[in-house]
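Student: Structure for the following, please:
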Amino acid sequence: MEAEATVYHVQVRGFWNTTHEFSQDTDAGRKVLGTLSIKRSLWMVTEGVYKPLEGEVLTFRRDPGLLRSQFSVWTDGREWLGSSLRWTTARRRIDLSTGSKPYTMLPVEGWRMGWSLYAPKSGEMARLVAAGVGRQARIESYRRIEFPMLVLMYFLGSQIYLESLLPGPQPEKVKAQASATAV
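Tutor: Okay, here's the model as predicted:
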């Protein structure tokens with residue numbers, strides 16, 4: 001892991017249809033970056049909208065189908081940025097695609113709630129760690145990654161925190177498996 005990580009904080013408000021406020025520590029104090037509003041139907045999350053203070057609005061839409069964690073990310077200008085796919089709930093793995101870069105989300109190492117985002121060649125890119133019974137979270141970005149992918153990672157991971165409680169795979173094994181499948 002690299003010594004310096006970019007850290008984002010998320011504070012959750014609401015109960016059923018929740019609002020998640022993203023912020024970052026600066027020299028002048030904590031700066032709010034934007035809010036993610038998550039909408040639910042009776043049974044599941046149907047969509048999310050991230051509204052930054054500066055920049056484009058992101059919309060997370062559930063793709064047709066019954067697979068869990070199957071969402072796509074769109075800008076307000078109708079540009080597709082990425083999508084997620086989870087083949088089965090038996091495996092705690094979510095595949096993310098941006099068209100040019102594939103990522104994989106897996107539970108963090110050890111007995112704690114959170115998710116790690118891996119790139120095939122470089123290993124762990126970012127980590128989502130729950131704090132305070134799911135009402136607060138921290139996103140640690142270890143390498144350069146587009147902010148919309150971090151928001152997508154949070155959007156997906158926040159829905160299934162409890163599934164990450166059991167220990168995840170060791171990072172070395174994840175990197176070796178990704179390299180083997182990329183060849």
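Student: show me where the chain has strands.
Tutor: Using DSSP state E, the strands assigned to the chain run over residues 6-13, 19-26, 29-40, 45-52, 58-62, 71-75, 80-85, 94-97, 102-107, 114-119, 123-131, 136-141.
Student: Look up how far S141 lies from the residue in the chain sticking out farthest from the centre.
Tutor: Most distant residue from the mean C-alpha position of the chain: A28, 26.9 Å away (C-alpha atoms, centre = their mean). Separation of A28 from S141 (C-beta to C-beta, to the nearest Å): 21 Å. (Glycine included, C-beta is placed from N, CA and C.)
Student: Same question for E56.
Tutor: 19 Å.
Student: Compare the two (neighbour count), which wins?
Tutor: S141 (18 against 15; other C-beta atoms under 10 Å).
Student: what's near enough to touch the more buried one?
Tutor: By C-beta atoms under 8 Å, 6 or more residues apart in numbering, the contact set of S141 is 5-8, 125-126, 150.
Student: what stretches of the chain score poorly on pLDDT?
Tutor: Under the criterion pLDDT under 70, the flagged ranges of the chain are 1-3, 65-69, 88-91, 132-134, 168-183.
Student: So for it, the centremost residue is which one?
Tutor: By C-alpha atoms, centre = their mean, the most central residue of the chain is M153, 1.0 Å off.
Student: so who does that one touch?
Tutor: M153 touches 96, 105, 115, 117, 126, 128, 139, counting by C-beta under 8 Å, 6+ apart.
Student: And for the residue nearest to V129 when sequence neighbours are not counted, the neighbour number?
Tutor: In space, V129 comes closest to G114 once its chain neighbours are excluded; the distance is 4.1 Å by C-beta to C-beta, 6 or more residues apart in numbering. As a burial measure, G114 scores 22 neighbours (other C-beta under 10 Å).
Student: is it true that G114 touches Y154?
Tutor: No - judged on C-beta atoms under 8 Å, G114 makes no contact with Y154 at a distance of 10.8 Å.
Student: Spit out the residues that contact these two alike.
Tutor: Contacts common to G114 and Y154, judged by C-beta under 8 Å, 6+ apart, are L128.
Student: most neighbours per residue, which of the strands of the chain?
Tutor: Neighbour counts (mean count of other C-beta atoms under 10 Å) averaged over each of the strands of the chain peak at strand 114-119, with a mean of 24.
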